[in-house]
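> model this:
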Amino acid sequence: MKNTSFTKASILRAWRRCHDFTLFFEDFVRWFASRSNTYSPAHRDQFLLEYDTLFKGVNGDIHIPLWASVCKNNGFLLDATTLEVVKYYHPWGYTPAPADGNPPDFIGEQFRFLCYLYACGLHGLEKGDDPQKYIQGAQEFVAAYLRATAETVSAGIRRYGTSPVFLGVADRLAAFITDHPDPAVQETQDVPLPELYGYKAYLEGPAPAKQDKPERFLNTAGRNNCGGKCAIRVREQEGCILGIRAGCGLVGEPEMRACARGLSYRETYLDPRRLRYPMRRIGGRGEGRFCRISWEEAVDITAAEWTRIRDAYGPASRYVNYSTGVSAVIRPDALVKRLLCLDKGCLAYYNSYSSACVRFTTPFIYGDNFSGNSMEDLPNTQLLILWGHNPRETVFGSERNYQTRRKTPAFRHKAQKIRKDFLVDGLSYLSSL
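From the prediction side, this is the model:
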């Protein structure tokens with residue numbers, strides 16, 4: 001997008017175009033209502049369902065990324081690209097307004113930022129200042145971040161969209177980033193100034209520049225239901241995850257190192273395909289078709305099913321599976337069971353899926369369940385049985401793998417290992433270390 005004439009009309013035209021895109025991606029209901037003369041209100045629900053299908057992840061087979069971090073570098077949410085976008089905002093005094101829980105490099109947020117720049121430029125023009133730096137700032141931002149995002153979104157809409165409403169938006173996105181005449185200008189040119197995003201900047205001018213928050217390291221731990229609870233060190237700035245590594249710099253052996261699963265937390269929790277809203281299935285099982293619902297509706301559905309199952313099958317039909325890997329003061333399963341007990345109860349359980357056999361056999365060997373060998377004594381064993389445990393793939397305890405790998409002469413030459421690996425054809429095998 002290249003603007004060479006900085007007249008009030010040209011700046012206002014660019015501002016309104018960005019406002020239209022911002023409204024579309026951040027509040028489709030309002031966007032659709034503003035076009036009541038073009039599209040029939042009777043089709044609102046149909047278009048809203050298609051909108052959610054394209055942009056809200058309600059169809060498991062359709063995914064259109066909406067963030068610069070994913071569209072530009074095929075990355076994850078809140079990564080180094082997101083940080084670049086945030087740092088671009090700061091010198092201009094812009095504060096992101098998170099839309100629907102999206103990161104600050106969300107396409108709607110990017111267009112909102114352009115609204116802010118054009119509003120600042122128009123403010124300066126009317127005060128007798130040259131708006132060139134704001135126009136140039138907008139052009140640089142489009143080239144660096146918005147172009148890749150808009151191209152990806154436009155291609156996704158053309159691939160999955162069916163109605164003229166969304167195919168038209170795809171065409172307008174392509175026209176915007178190539179600066180061709182925009183078919184939507186006639187539809188948006190009458191939006192009153194006070195209704196435009198960034199209007200405050202037009203009245204008051206740009207806000208003071210913001211300082212970047214310093215980079216910092218956060219010490220955390222694995223949250224999966226495993227026995228590792230390994231130490232993880234996260235490099236973070238402005239809420240963006242720049243790197244994850246094992247260990248917290250502690251002195252001594254063994255250092256608590258995470259396995260591949262722990263080191264992939266960023267991919268797990270910040271994957272762009274993660275569910276972000278409650279949804280209700282509208283297709284058959286396995287079809288992957290859902291519709292988005294509100295949190296209030298989700299709570300109502302849950303409560304209705306809760307009581308229906310209780311009344312139809314009795315309190316014992318409700319069961320909360322335990323998760324001993326969550327060693328916390330406030331455990332989710334304990335909270336739910338307490339709530340169920342206030343409503344006539346639930347099915348309890350006995351024993352443990354993690355250690356049922358060990359708890360049964362240990363008293364015959366040691367006399368009770370409160371005895372055994374420490375991990376430091378592992379190199380002295382004559383026989384090691386690993387039942388369904390593969391230390392090459394997972395970490396179970398911060399010291400266990402370290403002690404398992406200790407290559408002392410006694411452990412190498414005298415001990416035998418019996419390893420039952422259920423992932424390798426269900427076979428048992430015997431090998432020497």
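
> Do a quick rundown of the strands in the stretch 101-250 of the chain.
Secondary structure of the stretch 101-250 of the chain (DSSP state E, counting those that start in this stretch): strands at 216-221, 231-237, 240-246.

> Switch the ones you listed over to CSV; also include mean pLDDT.
Output for those, formatted as CSV (pLDDT from 0 to 100):
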stretch, mean pLDDT
strand 216-221, 86
strand 231-237, 89
strand 240-246, 88
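
> For His90, find the nearest of the ones you listed.
strand 231-237 (11.9 Å; C-beta to C-beta). C-beta coordinates here come from the backbone N, C-alpha and C atoms, glycine included.

> strands paired with the closest one, and their directions?
strand 216-221 (antiparallel), strand 240-246 (antiparallel) (DSSP bridges).

> With just CA atoms, put the first one into PDB.
What follows is strand 216-221 as a C-alpha-only set of coordinates in PDB (Å, rounded to 0.1, in the frame of the first residue of the first chain):
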ATOM      1  CA  ARG A 216      13.200 -11.800  32.100                       C
ATOM      2  CA  PHE A 217      13.600 -15.500  33.000                       C
ATOM      3  CA  LEU A 218      10.800 -17.300  34.700                       C
ATOM      4  CA  ASN A 219      11.300 -20.500  36.600                       C
ATOM      5  CA  THR A 220       8.400 -22.900  36.300                       C
ATOM      6  CA  ALA A 221       7.900 -26.700  36.100                       C
END
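
> what about the strands paired with strand 231-237, which gets the closest to Tyr118?
Of the strands paired with strand 231-237, nearest to Tyr118 by C-beta to C-beta is strand 240-246, at 26.5 Å.

> any idea how the chain splits into domains?
Here the domain assignment for the chain is 8-204, 370-432, based on automatic domain parsing.

> if you compare those, which one is most tucked away?
Ranked by mean neighbour count, these are led by domain 8-204 with a mean of 19 (mean count of other C-beta atoms under 10 Å).

> List the residues that contact Leu66.
Residues near Leu66 by C-beta atoms under 8 Å, 6 or more residues apart in numbering: Phe25, Phe55, Asn102, Phe106, Ile107, Gly108, Thr149, Val153.

> Look up how far Ser69 lies from the residue most central in space within the chain.
The residue lying closest to the centre of the chain (C-alpha atoms, centre = their mean) is Leu270, at 3.5 Å. Leu270 is 9 Å from Ser69, where distance means C-beta to C-beta, to the nearest Å.

> Is it correct that the residue nearest to the centre of the chain is in contact with Gly75?
No. Counting by C-beta atoms under 8 Å, Leu270 does not reach Gly75; the two are 9.1 Å apart.

> Now the strands of the stretch 101-250 of the chain in CSV, please, with extra columns for distance to Phe141.
CSV is the format used below for the strands of the stretch 101-250 of the chain (distance: least, C-beta to C-beta, whole Å):
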stretch, distance to Phe141
strand 216-221, 27
strand 231-237, 20
strand 240-246, 18
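
> Indicate which one of these is closest to Arg35.
The nearest among these, by C-beta to C-beta, is strand 240-246 at 35.9 Å.

> Mind exporting the C-alpha coordinates of the closest one to PDB?
C-alpha atoms of strand 240-246 as PDB (Å, rounded to 0.1, in the frame of the first residue of the first chain):
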ATOM      1  CA  CYS A 240       5.800 -13.400  24.700                       C
ATOM      2  CA  ILE A 241       7.700 -16.700  25.100                       C
ATOM      3  CA  LEU A 242      11.100 -16.400  23.400                       C
ATOM      4  CA  GLY A 243      12.600 -19.700  24.500                       C
ATOM      5  CA  ILE A 244      12.200 -22.700  26.900                       C
ATOM      6  CA  ARG A 245      15.100 -24.700  28.300                       C
ATOM      7  CA  ALA A 246      15.400 -27.300  30.900                       C
END
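
> Go through that strand and flag the buried ones.
Cys240, Ile241, Leu242, Ile244, Ala246 (16 or more other C-beta atoms under 10 Å).

> who's in contact with the first one?
Cys240 makes contact with Leu78, Asp79, Ala80, Thr82, Leu83, Val86, according to C-beta under 8 Å, 6+ apart.

> ok, the residues you listed vs Gly345, which is closest?
Closest to Gly345, out of all of the contacts of Cys240 and judged by C-beta to C-beta, is Leu78, at 42.1 Å.
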